[in-house]
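Kindly generate the corresponding structure for this input.
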Amino acid sequence: NNILHTLLSLSYTSMDNSFKKIIELTQTKGVNCIFIVLEKGKTTTTKKDHQISHALVADSSACIKFSLWDTDAEFLQPGDIIRLTGGYCAFYEKQLVLYSGRHCTLERIGQFEMVFTEKPNMSERGYHQLTNEQNIKMNENYFDSIPNNNNNSNSNNNEI
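Sure, this is the predicted structure:
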């Protein structure tokens, strides 16, 4: 467990400084990130007969919808840990979606053991409209709002 987590951490820093966490993604080309496949969704066909497979992927910072074109769709399975190089993010129906690009590479680097979170979902409507600083502040405020069990501010607490 700890070895895999360490390897994933090294992948973000040592191998290539351009690898990003999902929470940092915006509408852009050349996206490099590492994620775990949470669930594989339906496959659709375009008017030009391309197969598009949909999935939900996550890392330790957030989750996002992920769409793969043609043969890449068969590659992913839930629990796979993937290194994506050269993907892109774009809006589809007002939702931020991560795509495998024509020139991207997908590499399965592990399975099942990766720290991830399903919140925030970067593909939810409205979430992408906030700036990255606002998203980070919103997450900090969420964690600050969780009651601390060690807080003894209530004078009616009895010690045992």
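
Beyond the helix-or-strand element of the chain with minimal mean pLDDT, next helix or strand please.
In the chain, no helix or strand scores lower on mean pLDDT, DSSP states H and E than helix 2-10, which sits at a mean of 41. As assigned by DSSP states H and E, the chain's next helix or strand after helix 2-10 is strand 28-45.

what packs against that following strand?
Packed against strand 28-45 by the contact rule (3 or more CB pairs under 8 Å, 6 or more residues apart in numbering; DSSP states H and E) you find strand 51-58, strand 63-69, strand 80-92. From N, CA and C alone the C-beta is placed, and that goes for glycine too.

Residues contacting the shortest one, please?
For strand 63-69, contacts defined as CB atoms under 8 Å, 6 or more residues apart in numbering pick out 22, 25, 35, 37-38, 50-58, 75-76, 92, 95-100, 102, 106, 116-123.

Distance check, Ile34 against Ile22.
Ile34 sits 10 Å away from Ile22, going by CB to CB, to the nearest Å.

Common neighbours of those two, please.
Common neighbours of Ile34 and Ile22 (CB under 8 Å, 6+ apart) are Asp59.

low-confidence ranges in this protein?
Counting by pLDDT under 70, the chain shows low-confidence ranges at 1-17, 71-73, 125-160.

which of the residues in stretch 33-49 are buried?
Along stretch 33-49, these residues count as buried under the neighbour rule (16 or more other CB atoms under 10 Å): 33-37, 40.

Please report how far Ile64 lies from Val37.
12 Å.
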